[in-house]
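# predicted coordinates and the sequence they were generated for:
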Amino acid sequence: MNMNLELSTPSHFPAFPYDPPYSIQVDLMRHLYTSIEKRAVTIVESPTGTGKTLTLLCSSLTWLSDERERAKKGKMKAVAGDSEEAMKAKDWVIQQTMDRVRRELEAEEEAYEVRLAEARKREESLRRMAKARVVKRQKHESKKLDDSEEENDDRFLPESQQSDPSKEGDISISPALRALMAKVDGTRMEEEQEITCTKIYYASRTHSQLAQVLPELRRLNLSRRVSVTDRHASSDISSHLSHKRSLDEYLELDSSNNYTRTVALGSRKQLCINDDLRRKVTDIDEACRERLGETGDKRCQYLPPSGDEFRMLDFRDEILAAPKDIEDLAESGRLSRICPYFGSRKAIPQAELVTLPYNLLLQKNAREALGIQLKDQIVIIDEAHNLISTLLSLSTTRLRYSTLETSFSQVCIYVSKFRNRLSASNMLHLKRLVVFLAALKKYAGEWKESMLKGGIKTKSEVMTVSELTERLGKKAAAINLLEVEKYLKSSKVARKIASYSMKQAEKEADPNVKATFRKGAIPPLHTVEEFMISLTNTNEDGRVTFTIEGPGKGDIEMKYQLLNPSPNFMEVVEEARTVILAGGTMSPISNVVTQLFSSVPSERITSFSCGHIIPESNLQTLLEFKADKQTDPIVVAELGQIILNFLNIFLLAPSFLNHAKAVWLKSGILGKFEGKKRVFFEPEDSTAVEAVLNEYAAAVQTSLVVTPKKGGALLFAVIGAKLSEGLNFADDLARSVIIIGLPFANLGSPELRERMKYVKRLEKKRGVTRENGKKDAAAELYENMCMNAVNQSIERWASLVLLDRRYSTPSIRNKLPKWIGKKLTVAENFGQTMKEMSSFFRGRS
């Protein structure tokens with residue numbers, strides 16, 4: 001019997017909801033399917049409006065469906081065998097055996113679906129009961145500790161290194177109790193261990209971007225239900241998200257229909273339903289961790305008691321039984337009175353699609369805490385133009401001298417108090433910690449004094465990790481920080497120290513001291529721990545910056561900055577089956593490969609850049625003049641005169657917006673703008689962005705109805721800020737856009753200078769040679785950062801005007817998206833620009 005297990009790339013995708021799809025969509029889906037099957041790393045460019053999210057989901061889920069069938073064939077092939085004895089067996093014997101295996105597999109799937117159907121009915125019943133009556137909130141008050149409990153300091157001792165403490169989400173069930181539960185219901189417990197599957201991890205930067213995944217997923221004509229886990233936070237810009245079907249509609253669907261099993265997983269901030277706790281604490285994550293180890297009345301009321309894990313498992317089935325977003329999941333948790341944060345984490349092993357924000361995928365400690373295993377899984381990173389900056393940002397740690405002082409004081413008091421009760425091993429690790437903290441505190445103080453006495457204007461210094469370690473002294477340099485960090489993590493002593501310090505502070509009359517150790521705040525030692533971990537990175541890959549902040553003798557900020565984004569990301573690349581980086585514009589792609597995949601074999605790396613679904617004739621890109629005198633009032637005034645002849649969206653370099661606004665206000669040009677259109681400026685306060693957007697959209701739509709030949713709106717925004725990316729200005733909201741200049745980063749930034757030096761050293765180390773006149777690695781990085789910001793601002797418009805002659809140079813022009821560069825017209829003067837635009841819009845009126 002021929003049973004080929006290799007998957008061939010399909011020529012069409014029946015799951016795609018629109019028939020027929022555009023040819024570029026088919027090409028993209030075929031490329032993605034092949035990349036997954038071939039275990040490739042691929043970089044994909046798909047402009048806004050081309051159905052990027054839909055094609056990513058359709059191709060990956062089609063492969064996943066085919067993979068399930070391949071797995072079944074693999075099991076049947078294993079039963080049939082390839083040995084000589086198997087070949088000699090009668091065909092009917094082999095067929096009967098394979099039919100039996102197939103029936104067993106189908107029975108397992110059917111039993112699982114029945115269980116989810118029961119969970120769906122259970123949830124539907126809870127919702128109907130909730131609608132029929134008012135659910136009174138159960139009062140849950142912690143009992144006041146008696147004197148004996150108050151004085152019992154054993155709870156502040158480090159957790160025994162010999163014990164095997166439960167992981168954060170393990171709901172405190174002892175091994176003995178687990179064994180008893182396994183005997184009582186062995187089938188169910190075995191089932192929990194066995195049901196795992198190949199997954200797609202779909203990551204993006206913001207909730208507004210991730211929120212587009214579930215509506216697109218529901219459009220697919222999937223032949224089998226897909227379980228979805230969504231790990232993202234909430235967002236303020238809800239008015240710009242796609243409309244979602246209500247949860248009640250899905251609960252009422254017949255079980256035979258094709259719907260998706262969905263769960264939304266977010267942070268504690270979004271999913272905690274303990275309102276009393278949320279009101280009392282400053283840091284919900286730390287407060288939740290504190291309560292995990294408590295028992296009785298001090299334990300969170302929404303965590304099932306020890307020995308009642310089946311309640312959590314039933315809730316997990318409810319999560320997987322019907323599509324839910326963050327809000328729906330929190331509501332379901334309230335109805336079931338079970339924590340949705342931990343309940344959704346229970347769903348990860350049985351989920352097939354996991355959506356999550358960057359930080360939960362890219363940080364190893366977050367993956368470990370969530371139980372995310374990337375081995376042979378599919379990783380899709382959407383909006384990946386932000387990936388490099390995100391990797392660098394996530395690896396940046398900051399430690400203030402005041403926090404270091406507090407932490408050092410707490411540890412010293414703790415060691416002094418519990419000296420005679422701590423084990424030898426605990427004392428050894430804590431003494432090493434004290435030595436390191438003392439050395440860092442001493443050096444930071446001495447550095448500050450030397451900077452102030454020296455009268456140096458720039459109160460900052462950049463150093464390597466080895467230079468800092470050497471300056472701390474021989475004792476501190478000899479300490480293995482990885483061992484200290486391992487001890488802090490296993491013993492949870494940072495929280496113990498903070499809790500003891502808070503108890504002591506509560507006994508004092510000084511309210512200022514008490515406020516320093518407010519309950520639910522992040523322990524100071526945790527901040528120190530993050531900084532210590534950073535110092536274990538490769539010496540060449542990072543830099544430490546000491547800066548005096550504020551006027552006079554301000555506080556010291558110690559910052560670790562990662563220069564190389566690749567090492568942490570390579571852990572993901574090496575584990576995963578395939579990694580897909582997708583974005584509207586990923587140009588220049590060579591920059592992504594150089595910074596992230598320099599150690600990946602070239603044959604494993606592929607790329608795909610698709611054109612736009614709109615005809616090329618519907619796009620126009622113009623170049624006008626070089627705005628290299630942005631502080632010159634005359635130049636800015638002339639610029640205002642030019643803008644009077646253009647429409648809708650206008651993007652500026654960050655440093656230019658306020659200056660231009662002041663000049664135009666003084667010269668009266670701003671009044672002329674307002675005489676033609678309503679004028680809007682991007683607000684400095686990000687919370688006001690949604691209101692500005694709504695007013696802008698209303699002004700545009702009103703002008704179309706009331707005064708179609710006059711009116712409209714003009715929006716001034718900043719490149720790299722809220723309005724320049726992640727939002728879709730469709731149709732009349734943005735008929736044209738103007739980009740002023742090139743938004744190069746500030747070369748005065750010490751962090752940028754260090755990064756440029758690093759890539760230059762790395763290029764030299766790799767033996768890369770460049771032709772005479774070619775930019776070196778540092779110049780390329782600087783230019784690529786600029787063009788990355790530009791490209792994210794120009795992918796959504798019909799007519800694009802670039803006001804800077806440098807856009808016409810080959811190096812800059814080649815870094816524009818291909819679908820834009822093909823239609824680039826260089827206008828010699830303003831008159832030609834207006835003529836070209838008038839002709840363009842007349843041809844489409």
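Everything's here; your move.
# could you find the closest non-adjacent residue to S598?
Leaving aside its sequence neighbours, S598 sits nearest to S566 (C-beta to C-beta, 6 or more residues apart in numbering; 6.6 Å). In this view, the C-beta of every residue, glycine as well, is placed from N, C-alpha and C.
# now that neighbour: how far from K375?
Distance, S566 to K375, using C-beta to C-beta, to the nearest Å: 20 Å.
# who has more neighbours out of the two?
S566 (19 against 8; other C-beta atoms under 10 Å).
# for that one, what are its contacts?
Q595, L596, F597, S598, S599 (C-beta atoms under 8 Å, 6 or more residues apart in numbering).
# quick check: the farthest pair among those?
The span of the contacts of S566, defined through C-beta to C-beta, is set by Q595 and S599 at 11.4 Å.
# neighbour-wise, which of these two wins?
For Q595 versus S599, neighbours defined as other C-beta under 10 Å are more numerous around Q595 (20 against 10).
# surely the more buried one touches P565?
Yes: in this structure, Q595 is within contact of P565 by C-beta atoms under 8 Å, at 5.8 Å.
# in three-state terms, label S607 for me.
strand (DSSP: H, G, I helix; E, B strand; the rest coil).
# got a pLDDT number for it?
Note on S607: pLDDT of 92.
# compute the distance between the closest residue to it other than its chain neighbours and L387, please.
Closest residue in space to S607, ignoring its immediate chain neighbours: I43 at 4.5 Å, by C-beta to C-beta, 6+ apart. According to C-beta to C-beta, I43 stands 10 Å off from L387.
# common neighbours of these two, please.
With C-beta under 8 Å, 6+ apart, I43 and L387 have common neighbours L581, V592.
# count of neighbours near the residue nearest to S607?
For I43, using other C-beta under 10 Å, the count is 23.
# give the bridge partners for it, please.
Taking DSSP bridges, one obtains L581, S607 as the residues bridged to I43.
# wait, it touches M586, no?
Yes: if you go by C-beta under 8 Å, I43 and M586 touch, sitting 5.5 Å apart.
# just give me the neighbour total for T42.
Neighbours around T42, by other C-beta under 10 Å: 20.
# got a pLDDT number for it?
96.
# same question, the one 5 residues further on
Each residue has a pLDDT score; the one for P47 is 79.
# what does M1 give?
So, for M1, pLDDT stands at 47.
# ok, Y414 next?
90.
# related to what we said a few turns ago, what residues are shared contacts of I43 and M586?
With C-beta under 8 Å, 6+ apart as the test, I43 and M586 both reach A384, V592, S607.
# in contact with the last one, which residues?
Counting by C-beta under 8 Å, 6+ apart, S607 touches T42, I43, V44, E45, M586, I589.
# my guess is S332 meets K324, correct?
Yes: counting by C-beta under 8 Å, S332 does reach K324; the two are 6.4 Å apart.
# quick one on the thing from earlier: what's the closest of the contacts of S607 to Q25?
For the contacts of S607, the nearest to Q25 is V44 (12.1 Å; C-beta to C-beta).
# give me the nearest residue to the closest one, chain neighbours excluded.
Leaving aside its chain neighbours, V44 sits nearest to A582 (4.4 Å; criterion: C-beta to C-beta, 6+ apart).
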